[in-house]
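Asker: No letters, just coordinates:
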C-alpha cells in the first residue's frame, strides 16, 4: 500500500489537443462546477477507483471530469470518464451520491453508472463530442431529476430508453451523420501517439 | 423585510440540501475513531487527539470532504520538533499499516489519508506543546519556500470561537455559514472556505433570519476584500486568514462578491415568489422556488421546456437540454 505514484505517463489528449478543445470548448466557462480529474483524484475516490480497476484500462489514458448536479435532492456529484478518445468511445457517466442501482431507478448500468441512451442507437440520437462536456452533464442532470421524480412516487416524465433485447431506434435521415471509418488494430492509433492501436488505446 | 415564507424556504434549503447528509456524518463517526485509535497505538507518543477544522465546527456544506484530526504529541527529547518534514513523513509511514487507509500524502501542515472505502479524507495534523504559553505548535513543511518548522497556532480556538458565536446567534451562525459555503462552491470558490467562514463570523452580531445573514455576509465581504484590508482569524485574532491571498485572487473574489451583493440587495427588497426566484438565481437550482419545484420541473420536462442553469435544471430560461430521442419511428 505504497503512496500513489506522483508521475503518470502523458495521456492521449496530450497528443490530440484538438480533440480536447472540441470536448471542453467553453464548457468549463459556462459550467463552473466542471473540473478535470487527475489520476490521483480517480484513485482517491473509492467508486471511481473501483470503476477504473474493473475497466483494466490504463489510468493514464482515462480522461475524467467531475461536475455538480443541484436539484431538489441537494447537490450530487457526477463524473464522466472517457476510456480513450471520445470521438470513438462512449463516455461513462456516474453519479457518486444519492441512491444507487435499482433504488435510484431502472436506468442505471450497475450501481452508479447512468443509462443515458440505448447503446447501439445511431450517433445522431446520442450525445456527441461536438456537443461538448456541459451538454453531456446537462443530460446527466436531467436524468438525475427524472430519477428523483420516480423516487418521490411519480412516473418517468420523458421517454425512457428501453431495456432488454430490442431493436435500436431507426436512423434519422434528417440528422444522420457520416459514419467515420474506424481504424483497425494494426493501424496507427487515432490518438496520435504513433503506436499501433492494439498497443495503445485499443489495448 | 424578508417574510416567513423566505425564512421557511431558507430553512428547507439548509436542512434538506445544504447540510451534509446524515449517512456521511455517521460514516465519518464510525471511521475516524478507528484511525485515531490506530495512531495512538502505533505512535506511543500521542498525548491526546481531538477533532478540529470544519467537521468539528459542523460547517461543511453539501458533502463531507475531510476530517481534521489533531494529534498532540509528547516530545520530551525533541525528535519531532527537530524537523516538521520528518514528523509528517513519520505520520505518513505509519499510515500504511492501517487496513482502512489506502494511501497517505504528507502536505504542508498535515498528512492526508485517503481511505479505502470512503470518499472523504482524514487529515492528521501533528502538534506539539510550546515550551511556554498557550496554543500549539503545528508542523509547516514547504520545501519550495525553504520552510521546515513549527509555528504557533490555535486550532482549538477556532472551534471555541464558532461555538461561542453560534450561541450568541441562537443557533443561526453555523447554518448560515453552511449556506454561504454552498454558494461559494457553486460559483467556483472565489473565497477559500475558512476565509468565507471568518467573514461570516465578523458579519453576524446576534440572532437574525437567513436572508439578512446572507446580506450581512456580502456587505462585510465587500469591505473585507478591498485592497489593504484583512480578516482576523476568529480563533486567533493576532493572525489574519487572508495573509497569503494573492492580489489577483482578491480582485476576482471582490468582483464576484460585489456582483452577488447587488443581487442579494434586490432579493431582500422583493416578496413572495419574486423573492424566491431571486434567491434561486443566487443560490442555484437547489434553492426552493417555483421554477425549481419538483412538480413544475416535471411539467416542464413533459412539455420540453426545462433548461439547464448553473449546475441544475429550472423551468425557466437557460441552456437547452439535448432533446430526448424518440424511440418510435
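Answerer: Alright, I've got the coordinates. Just so it is clear, the model here is predicted, and its values are computed rather than measured.

Asker: Report the beta-bridge partners for residue A:93.
Answerer: As for beta bridges, residue A:93 partners with residue A:80 under DSSP bridges.

Asker: Let me know how buried it is, in neighbour terms.
Answerer: 23 (other CB atoms under 10 Å in any protein chain shown). For glycine as for every other residue, the C-beta is placed from the backbone atoms N, C-alpha and C.

Asker: So, low pLDDT: which residues of the stretch 1-150 of chain B?
Answerer: Residues of the stretch 1-150 of chain B that meet the criterion pLDDT under 70 lie in B:1-2.

Asker: Likewise for chain A?
Answerer: Flagging of chain A using pLDDT under 70 yields the residue ranges A:1-10, A:86-89, A:118-125, A:161-183, A:190-192, A:201-203.

Asker: is it true that residue B:110 touches residue B:123?
Answerer: Yes. Between residue B:110 and residue B:123 there is a contact under CB atoms under 8 Å: 4.1 Å.

Asker: ok, the two, which is more surrounded?
Answerer: residue B:110 (25 against 20).

Asker: Next, please give the residue ranges for the strands of chain A.
Answerer: A:35-37, A:62-71, A:74-83, A:92-95, A:108-109, A:113-114 (DSSP state E).

Asker: Show me which residues of the fourth one are buried.
Answerer: Residues of strand A:92-95 classed as buried by neighbour count (16 or more other CB atoms under 10 Å in any protein chain shown): A:92, A:93, A:94, A:95.

Asker: Give me the helices and strands touching that strand, please.
Answerer: Strand A:92-95 is packed against helix A:46-55, strand A:74-83, strand A:113-114, helix A:132-151, with contacts defined by 3 or more CB pairs under 8 Å, 6 or more residues apart in numbering or on different chains; DSSP states H and E.

Asker: ok, now the fifth one?
Answerer: Strand A:108-109 makes packing contacts with no helix or strand when contacts are defined by 3+ CB pairs under 8 Å, 6+ apart.

Asker: now residue B:199, nearest residue through space, not along the chain?
Answerer: residue B:221 (5.0 Å; CB to CB, 6 or more residues apart in numbering or on different chains).

Asker: quick one: the helices in chain B?
Answerer: Ranges of helices in chain B, per DSSP state H, are B:4-12, B:22-42, B:53-57, B:79-82, B:84-95, B:155-168, B:173-186, B:193-203, B:210-224, B:247-269, B:272-283, B:294-303.

Asker: Any idea which of the ones you listed gets closest to residue A:149?
Answerer: Closest approach to residue A:149 among the helices of chain B (CB to CB): helix B:294-303, 5.4 Å.

Asker: Enumerate the residues of the stretch 51-200 of chain B near chain A.
Answerer: For the stretch 51-200 of chain B, the contact set with chain A under CB under 8 Å from any CB of the partner chain comprises B:62-63, B:92, B:96, B:101-105, B:114-119, B:121, B:182, B:185-188.

Asker: One more pass at 6 Å, please.
Answerer: With CB under 6 Å from any CB of the partner chain as the criterion, the stretch 51-200 of chain B meets chain A at residues B:62, B:96, B:103, B:114, B:117, B:119, B:188.

Asker: which of those count as buried?
Answerer: B:62, B:103, B:114, B:119.

Asker: Including distance to residue B:260, could these go into CSV?
Answerer: Output for these, formatted as CSV (distance: CB to CB, whole Å):
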residue, distance to residue B:260
B:62, 18
B:103, 38
B:114, 34
B:119, 29
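
Asker: among the residues you listed, which are in strands?
Answerer: B:103, B:114.

Asker: Enumerate every residue touching residue B:310.
Answerer: Residue B:310 makes contact with B:284, B:285 under the criterion CB atoms under 6 Å, 6 or more residues apart in numbering or on different chains.

Asker: Now it. Its backbone dihedrals?
Answerer: The phi and psi values for residue B:310, taken as degrees, to the nearest 10, are phi 60, psi -130.
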